[in-house]
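1. sequence plus predicted model, see below.
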Amino acid sequence: MAESTEENRSVRPFPWLGLVTLALAIFVSVTTEFLPTGLLPEMAREYHVSLSQVGLLVTIFAATVVLATTPLSILTRSYSRKGLVVVVLIIIAIGALGAAVAPTYGFLVVARVVGGLAHGLFWAVVGGYAAHLVPKHQLGRAVAITASGATAAFVLGVPVGTAIGHALGWRLAFAFMAGLILILTVLVVRYLPAVDHRVRLATGEIPLPLRKDRSISSVAVLCIVILLLITSQNIFYTYIAPWLISVGGFGSGGVPGLLLLYGGAGAVGLVLAGFVADRFPRGGFVVAFAIVAVAVFALWLFGDRQPVVIGALVVWGVAFGGGPAIIQTRMLHVASARMRETAVALQTTAFNVGIGGGALVGGLLLDQSGLRILPLADVIITIVGVVFILASDFWLSRRRTR
């Protein structure tokens with residue numbers, strides 16, 4: 001049955017409209033998640049809290065995703081994938097609207113928790129959606145299209161949200177996102193194809209528990225890699241706005257433009273990932289994050305030299321921009337068909353442990369040692385992640401040959 005489904009996908013036209021709709025849904029979700037990173041100073045001033053406390057909003061959001069994703073994905077595994085996408089987008093909009101009207105910091109935390117609950121299930125569903133729309137040999141191309149939504153969030157969503165927040169107040173930025181999410185929900189209802197995500201057993205086949213699935217070790221190793229690399233990214237990127245102002249010497253009005261530059265470079269990286277992901281899933285992975293380490297190291301060494309900062313931001317954006325797409329493609333390749341839904345949920349959990357853990361560690365380092373230490377911490381953990389990629393690939397290849 002699985003082979004028959006794969007053959008059916010191979011003869012269907014490439015589902016551009018459905019994949020673009022998914023990308024747009026990812027765009028609004030990711031923009032909402034990371035919107036506080038560009039508005040830290042304004043939010044901290046209004047609530048009379050520290051920058052690290054506002055940065056903690058990213059940690060709280062991500063921690064909610066970590067705790068909720070796998071249980072919610074298990075509880076909803078028999079429900080329509082398309083229906084779940086619609087429901088969670090509506091809840092994410094409610095969370096964004098709650099943030100826009102939050103009278104206190106505590107209320108804002110609750111709004112972020114609501115958004116995090118929906119966001120976790122959202123990623124558990126959309127992370128594997130492309131695999132139900134295209135055959136395996138087109139996964140890299142399909143994932144690059146859907147992942148463009150996340151890249152567009154950094155290219156356009158967060159910078160525009162930051163600009164709106166600076167010009168008209170951060171609350172309006174969240175209210176704007178809530179309205180945009182509801183508009184995108186209508187497009188999802190209209191244009192996203194429904195899929196059958198159930199994996200049927202062949203005649204006489206005995207169902208095995210997931211812990212005995214042959215791909216589980218590869219999935220677990222990849223989740224550790226994700227945890228390391230996303231933690232390193234968010235130790236620094238969560239606090240990039242105050243770093244650019246205090247260390248880089250840029251005015252607050254220049255931050256949206258710099259974030260736009262970083263995101264635009266990420267878009268270039270995503271295009272490159274579309275070509276690399278299926279052809280060089282291992283080598284592309286290593287090279288991309290090695291370049292990330294070099295670029296961020298340059299920011300640590302020359303953070304007060306604005307031309308170097310601008311150049312390093314571009315290189316960092318290109319290298320990291322394709323990273324998540326390569327990671328997701330690799331996960332969908334290594335996970336068996338039965339393991340795929342669980343693998344995507346675990347991948348989402350690992351990403352958000354990294355996002356939340358990075359924001360938390362970055363906040364602690366900021367309070368103890370200041371903003372200047374953050375890029376160095378990013379570099380150290382990125383190097384550890386790259387070494388782990390190489391070591392785990394060697395171990396898994398030896399394991400398969402035995």
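-> Looks like it arrived, so ask away. Numbering: from 1, shown residues only.

2. show me which helix runs longest in this structure.
-> helix 340-369 (DSSP state H).

3. off-centre distance for that helix?
-> Here the centre of mass of C-alpha atoms in helix 340-369, compared against the chain's by Cα atoms, centre = their mean, to the nearest Å, lies 10 Å away.

4. and the helix or strand just after it, what does it pack against?
-> Next in sequence after helix 340-369, counting helices and strands by DSSP states H and E, comes helix 374-401. Using 3 or more Cβ pairs under 8 Å, 6 or more residues apart in numbering; DSSP states H and E as the contact test, the elements touching helix 374-401 are helix 216-237, helix 283-301, helix 340-369. C-beta coordinates here come from the backbone N, C-alpha and C atoms, glycine included.

5. do that again at 10 Å, thanks
-> Helix 374-401 is packed against helix 216-237, helix 240-246, helix 283-301, helix 306-321, helix 340-369, with contacts defined by 3 or more Cβ pairs under 10 Å, 6 or more residues apart in numbering; DSSP states H and E.

6. that one vs helix 340-369, what angle?
-> Counting by axes from the mean of the first three to the mean of the last three Cα atoms, to 10 degrees, helix 374-401 lies at 150 degrees to helix 340-369.

7. run the chain-centre distance for helix 374-401.
-> Here the centre of helix 374-401 is set off from its chain's centre by 20 Å, with Cα atoms, centre = their mean.

8. show me what counts as buried in that helix.
-> Neighbour-count burial for helix 374-401 flags 374-379, 381-383, 385-386, 388-389, 392-393 (criterion: 16 or more other Cβ atoms under 10 Å).

9. residue 224 - nearest residue in space that isn't next to it in sequence?
-> Nearest non-adjacent residue to residue 224, counting by Cβ to Cβ, 6 or more residues apart in numbering: residue 388, 6.7 Å away.

10. residues contacting the one you found?
-> Applying Cβ atoms under 10 Å, 6 or more residues apart in numbering to residue 388 gives the contacts 221, 224-225, 227-229.

11. can you do 7 Å?
-> For residue 388, the contact set (Cβ atoms under 7 Å, 6 or more residues apart in numbering) comprises 224-225, 228.

12. and which of those is nearest residue 345?
-> When the contacts of residue 388 are ranked by distance to residue 345 (Cβ to Cβ), residue 224 comes first, at 15.7 Å.

13. burial count for the nearest residue to residue 315 once chain neighbours are set aside?
-> Taking Cβ to Cβ, 6+ apart as the measure, residue 315 lies nearest to residue 295, with 4.1 Å between them; neighbours along the chain are not counted. A count of nearby residues for residue 295, using other Cβ atoms under 10 Å, gives 24.

14. got the confidence number for residue 295?
-> As predicted, residue 295 sits at a pLDDT of 95.

15. close enough to count as contact, it and residue 312?
-> Yes: with contacts counted by Cβ atoms under 7 Å, residue 295 reaches residue 312, the gap being 4.8 Å.

16. low-confidence ranges in the stretch 201-350 of the chain?
-> Per-residue confidence for the stretch 201-350 of the chain (pLDDT under 70) gives these ranges: 201-215, 274-282, 337-339.

17. switch to 80 and redo it
-> Applying pLDDT under 80 to the stretch 201-350 of the chain flags the ranges 201-217, 252, 270-285, 322-345, 348.

18. checking the closest residue to residue 138 other than its chain neighbours next. Helix, strand or coil?
-> Distances taken as Cβ to Cβ, 6+ apart place residue 14 nearest to residue 138, at 7.0 Å, with adjacent residues excluded. Assigned state for residue 14: coil (three-state reduction, DSSP: H, G, I helix; E, B strand; the rest coil).

19. what about residue 14, how many residues nearby?
-> Look at residue 14: counted by other Cβ under 10 Å, it has 14 neighbours.

20. same thing with residue 373?
-> 16.

21. residue 236 versus that one, what's the distance?
-> According to Cβ to Cβ, to the nearest Å, residue 373 stands 10 Å off from residue 236.

22. before we move on, what about residue 368?
-> Counting by Cβ to Cβ, the gap between residue 368 and residue 236 amounts to 15 Å.

23. starting at the chain centroid, how far to the helix or strand hosting residue 257?
-> Assigned by DSSP H and E, residue 257 falls within helix 255-279. Helix 255-279 has its C-alpha centroid displaced from the chain centroid by 13 Å (Cα atoms, centre = their mean).

24. now stretch 188-198
-> In terms of Cα atoms, centre = their mean, the centre of stretch 188-198 is set 22 Å apart from its chain centre.

25. ok so, going back, what angle do the longest helix of the chain and helix 216-237 make?
-> The directions of helix 340-369 and helix 216-237 differ by 30 degrees, with the same axes, to 10 degrees as the criterion.

26. pull out the buried positions in helix 340-369.
-> Across helix 340-369, burial judged by 16+ other Cβ under 10 Å covers 340-363, 365-366.

27. kindly give the local confidence score, pLDDT, for residue 123.
-> Predicted confidence (pLDDT) at residue 123: the value is 80.

28. pretty sure it sits against residue 348.
-> Yes: using Cβ under 7 Å as the test, residue 123 is close enough to residue 348 to be in contact (4.0 Å).

29. joint contacts of these two?
-> Where contact means Cβ under 7 Å, 6+ apart, the residues bridging residue 123 and residue 348 through contact with each are residue 69.

30. coming back round to it: what angle sits between the helix holding residue 257 and helix 283-301?
-> With the same axes, to 10 degrees as the basis, helix 255-279 and helix 283-301 are set at 160 degrees to each other.

31. now the angle from helix 255-279 to helix 306-321?
-> 40 degrees.

32. I'd like to know which elements helix 255-279 is packed against.
-> The elements that helix 255-279 packs onto, with contact taken as 3 or more Cβ pairs under 7 Å, 6 or more residues apart in numbering; DSSP states H and E, are helix 16-38, helix 139-152, helix 158-168, helix 240-246, helix 306-321, helix 323-334.

33. repeat that with 6 Å
-> helix 139-152, helix 158-168, helix 240-246, helix 306-321, helix 323-334 (3 or more Cβ pairs under 6 Å, 6 or more residues apart in numbering; DSSP states H and E).

34. tabulate the ones you listed in JSON lines, adding columns for mean neighbour count.
-> Listed next are the helices and strands packed on helix 255-279 as JSON lines, based on neighbours: other Cβ atoms under 10 Å:
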{"stretch": "helix 139-152", "mean neighbour count": "25"}
{"stretch": "helix 158-168", "mean neighbour count": "21"}
{"stretch": "helix 240-246", "mean neighbour count": "22"}
{"stretch": "helix 306-321", "mean neighbour count": "20"}
{"stretch": "helix 323-334", "mean neighbour count": "25"}
